[in-house]
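Undergrad: sequence unknown, structure follows:
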Ligand SMILES: Nc1ncnc2c1ncn2[C@@H]1O[C@H](COP(=O)(O)OP(=O)(O)OP(=O)(O)O)[C@@H](O)[C@H]1O
C-alpha cells in the first residue's frame, strides 16, 4: 500500500508543484495521475521514486516511511523496491537486450543463476524473448520500450512507476502496449503508479485515478466515478469524451433569463452532459438559440459543437437528426449538480 500524508513539494519561489496531497493506494492497485501540463504529476512520481525529496508531508510504502518532508529523511531510490519507466527508454546502447535487463540485477548483487531466470522471465512476460541478443539500435521504438519494461520488472519491484511510457509510440502501438501493460500489472501483482495526460489511457488502465490541478488532487476515485460524479467543476470539464457542459445559472435561471425550478434558485454552473442537451429546429419553452460549429461522428452517433450565448456547448445526436446552421438547444428539466464559483458542488 502507498500512503501519502499531506505531501508537498516546493521548488523555491512560486507556488508549490505539489501541495497537501493525502491518499492511500491499496496493494496491487493501478493508480493513474491525470492532469494538464504542469499540474505536478511528474513531481509526484519523482518523489515516489526517490528522485526528488518532499518539502512537506510523508510517503509510506506499506509500514515503511520512505520519505519525510518534515524531518528531511529519505530512503534512497535503489532501496525502495520501486521500478521506474520513463517516456524515453534510456537503454544502454552498448549492451544487448538481455544485458540491459540483467544490469540492475547485477548491480543489486543477485546471484548469476537467479539473474538468468529473472531475465528470461522478464523477457517472456514482455514478449521479446527472441530479441535477447539484439542491441537497442537494432530494434524498433516499441520493442525498446518493452526492453525498458523488462528491465524494470526483472528486479521484481513491489511498486512500478511509469512516466508517460507510451507517449513516444504511434497510436496503434499505444493501444497494443496499453493492453500489455495492464496484463503485466496483473501478472506481477505490484502496485502501479502511472503518469499521463491521456484520458483514454487513464480510464482503461486505472483502478484508481487522481485528477490533479495546480499541485492538488481534485478527485481520487475509480475511473467510472469521475464521469458519474465529478467532485469539482475542474473534473467535470476535464474528464469525458466529450466532457460535460457547464452552463451558467443566475438566480435559478439558465443564463440568468430562463427560470427553471430544477435550478433551485441558485447561482453557479450547472453540469449538463452532452447527451442531455437536445437539438431541435424550432424554439420552444426551454430552448436557447445556437449556431452550429462542428460535427464529429463518433461510435455511430454525432458529437455536435454549438455556440449559444457566447459559450461553446456540446450535444450528442443520432445521424438522422437534421442539422442546419441555426438551431435550438433544449435545456434539461433535471439537473444533478451545480458548482459554485470555487468549483465545488452546491449542496
Ligand atoms: N526541478 C524543478 N525546478 C523548478 N520547478 C520545477 C522543477 N520541476 C518541476 N517544476 C515545476 O513544478 C510544476 C509541476 O511540474 P511537473 O513536471 O510535475 O508537471 P507535470 O504535470 O508532470 O507536467 P507535464 O505533463 O508537462 O510533464 C511546474 O510548474 C514546473 O515548472
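TA: Perfect, I can see it now. Quick caveat, the model's predicted, so the values are computed rather than measured.

Undergrad: any idea how this protein splits into domains?
TA: 2-237, 242-339 (the TED database).

Undergrad: Point out the most buried one among the ones you listed.
TA: domain 2-237 (a mean of 18; mean count of other CB atoms under 10 Å). Bear in mind the C-beta positions are built from the backbone N, C-alpha and C, glycine included.

Undergrad: ok, and does it reach over to the ligand?
TA: Yes - under the criterion of CB under 6 Å from any ligand atom, the ligand is reached by domain 2-237 at 11, 17, 35, 37, 38, 39, 40, 41, 42, 43, 197.

Undergrad: Would you mind measuring from the nearest residue to the second one once chain neighbours are set aside to residue 319?
TA: Going back to what we said before, that points to residue 17. Leaving aside its chain neighbours, residue 17 sits nearest to residue 43 (4.3 Å; criterion: CB to CB, 6 or more residues apart in numbering). As judged by CB to CB, to the nearest Å, residue 43 and residue 319 stand 45 Å apart.

Undergrad: do residue 263 as well
TA: Taking CB to CB, one finds residue 263 at 32 Å from residue 319.

Undergrad: what residues are up against the one residue in the stretch 51-200 of the chain that gets nearest to the ligand?
TA: Distance from the ligand to each residue of the stretch 51-200 of the chain (CB to the nearest ligand atom) is smallest for residue 197, at 5.3 Å. Contacts for residue 197 (CB atoms under 8 Å, 6 or more residues apart in numbering) come out as 34, 35, 36, 37, 41, 164.

Undergrad: Against residue 225, how distant is the third one?
TA: Taking CB to CB as the measure, residue 36 falls 20 Å from residue 225.

Undergrad: just the second one next, same as before
TA: With distances taken as CB to CB, residue 35 is found 17 Å from residue 225.

Undergrad: just checking, residue 109 is part of a strand?
TA: No - secondary structure of residue 109 (DSSP: H, G, I helix; E, B strand; the rest coil): coil, not part of a strand.

Undergrad: and it, what are its phi and psi?
TA: Torsion angles at residue 109 (phi, psi; degrees, to the nearest 10) stand at phi 80, psi 20.

Undergrad: Residue 6 is in what secondary structure piece?
TA: strand 2-9 (DSSP states H and E).

Undergrad: partner strands of that strand, parallel or antiparallel?
TA: strand 18-25 (antiparallel), strand 56-61 (antiparallel) (DSSP bridges).

Undergrad: In TSV, list the ones you listed along with mean pLDDT.
TA: Listed next are the strands paired with strand 2-9 as TSV, based on pLDDT from 0 to 100:
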stretch	mean pLDDT
strand 18-25	97
strand 56-61	97
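
Undergrad: Identify all contacting residues around stretch 267-279.
TA: 230, 233, 236, 240, 242, 244-251, 254, 263, 290, 303-304, 306, 313-317, 321, 323, 327-332, 335-341, 346.

Undergrad: no no, stretch 314-333
TA: Contacts for stretch 314-333 (CB under 8 Å, 6+ apart): 242-243, 245, 247, 254, 258, 260, 262, 272, 274-284, 286-292, 295, 297, 300-306, 308, 313.

Undergrad: Kindly report the same for stretch 112-129.
TA: 97-98, 101-102, 105-106, 110, 131-132, 143, 146-147, 149-151, 153-156, 180, 184, 187-188.

Undergrad: Tell me how far it lies from the chain's centre.
TA: Distance of stretch 112-129 from its chain centroid, counting by CA atoms, centre = their mean, to the nearest Å, is 30 Å.

Undergrad: Quick check: what element follows the lengthiest strand in the chain along the chain?
TA: The residue-count maximum for a strand in the chain (DSSP state E) belongs to strand 287-298. Next in sequence after strand 287-298, counting helices and strands by DSSP H and E, comes strand 301-308.

Undergrad: Show me what that following strand pairs with in its sheet, parallel or antiparallel.
TA: By DSSP bridges, strand 301-308 pairs with strand 287-298 (antiparallel), strand 311-317 (antiparallel).

Undergrad: residue boundaries of the strands in the stretch 51-200 of the chain?
TA: Per DSSP state E, counting those that start in this stretch, the stretch 51-200 of the chain carries strands over the ranges 56-61, 64-68, 82-85, 159-163, 191-196.

Undergrad: so what does the fourth one touch, helix or strand wise?
TA: Packed against strand 159-163, as judged by 3 or more CB pairs under 8 Å, 6 or more residues apart in numbering; DSSP states H and E, are the following elements: helix 41-49, strand 82-85, helix 171-188, strand 191-196.
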